[in-house]
Structure formats: C-alpha cells, structure tokens
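[1] Sharing a model prediction with you, sequence too.
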Amino acid sequence: MASFAELDLNNIVLGVYKFDNLDILNFGQEPNDQAAIHIKNIRPLSQNAVKYIQTFYSGAYRQRVATIGGSYDPVKDVFINPKHHNSWILDTNNNWIPPISYPSTLEYTSNNETYVFETTFWDENLGTFKALEIIDDPSNRNTWIWNKDTLTWSIDLN
C-alpha cells in the first residue's frame, strides 16, 4: 500500500490515505511529485487541503510516517508529530521535548521512607513533571511534583 498525507497551506497534515501500489507503480519507489499529483486525480483534495505528499510507515523516507495534526517541513523533508504542549521545543532530531530535562529518578526518600513513582506526566501550567506513587490502594495515592531547580520530588499539596 502507498500512503499519502493531505496537507493544508501551512503544511499541517489533515489526513493520511492509503492507495493500492498499482496506483503509483509507474512513478517508481521513491517519493516524487508526479505520484502525488496522480493521487490527487484519484482522490480530490478536501476543502482546506492544497497538496498530497507521500509518507512511509517504514520511516524509510521523511523520517517518520505522517500523523493527523502533525506537520511537514519541506526544508528538512520530514514529517513532525503534533506538538502536545505549547512549551515544548523541537530538537535536532525533529522530536518535541520538554523545556527541562526528564526527572533523573522515580524515587524519593525522606526520613527513611522511600516513595516510588509509576507514572510521570507533564503539567503545562507548572512547567514541570508530576508523578503518581506506587501504592497498594491507588485511590489513596499522592501526586508529586518534580522540582527542576533542586532535581528532587515534593508532594503536591493542591
């Protein structure tokens, strides 16, 4: 199957569609504009779309497969996944990363008691990570906040 991403004027991926390989057999194995133009004749562009561009589930071209809501960078010739947090930045490998480093530990020890965390997640309002404790009674577990300055965890009192 051949896959094509439908892009808007800002190179945002509106949809990803699969076509039979026979539809583009005459255009070769590598991505090219002629195959994308041919696909437009098979499936006309939707209302806000301006073009198709080929995407590959193998990641053999354009670094990764296109995803709806993601984008295409025509200068780098890569697809970029959607940005889920406004504060995150694009690294040199075209991945969204947080503006601070990931927590270096998923444990916190105080007064000879060790707390172990199972899940970390980003809190955009605080600009840091939060974590949930691993305990026997999940309904009674605490949320912890990663202190990016001291590189330690503290209990979320809110």
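    Looks like it came in fine.
[2] quick one: the least confident helix or strand in the chain by mean pLDDT to chain centroid distance?
    Least confident helix or strand, the chain: helix 33-42 with a mean of 85, by mean pLDDT, DSSP states H and E. The chain centre lies 27 Å from the centre of helix 33-42; the measure is C-alpha atoms, centre = their mean, to the nearest Å.
[3] go on, stretch 99-115?
    That offset, for stretch 99-115, works out to 26 Å (C-alpha atoms, centre = their mean).
[4] Now do the longest strand seen in the chain: which elements does it pack against?
    Longest strand in the chain, counting residues (DSSP state E): strand 113-123. Strand 113-123 sits against strand 107-110, strand 128-133, strand 143-147, with contacts defined as 3 or more C-beta pairs under 8 Å, 6 or more residues apart in numbering; DSSP states H and E. Yep, even glycine has a C-beta here, placed from its N, CA and C like the rest.
[5] before we move on, the earlier item: now do the buried residues in the least confident helix or strand of the chain.
    35, 36, 38, 39 (16 or more other C-beta atoms under 10 Å).
[6] of these, closest to residue 152?
    Nearest to residue 152, judged by C-beta to C-beta, of the buried residues of helix 33-42 is residue 36 at 51.4 Å.
[7] can you pull the contacts of that closest one?
    4, 51, 52, 53, 54 (C-beta atoms under 8 Å, 6 or more residues apart in numbering).
[8] Could you look up the SS state of residue 26?
    helix (DSSP: H, G, I helix; E, B strand; the rest coil).
[9] which residues does the spatially most central residue of the chain contact?
    Against the mean C-alpha coordinate of the chain, by C-alpha atoms, centre = their mean, the closest residue is residue 81 at 3.9 Å. Going by C-beta under 8 Å, 6+ apart, residue 81 touches 64, 67, 70, 95, 96.
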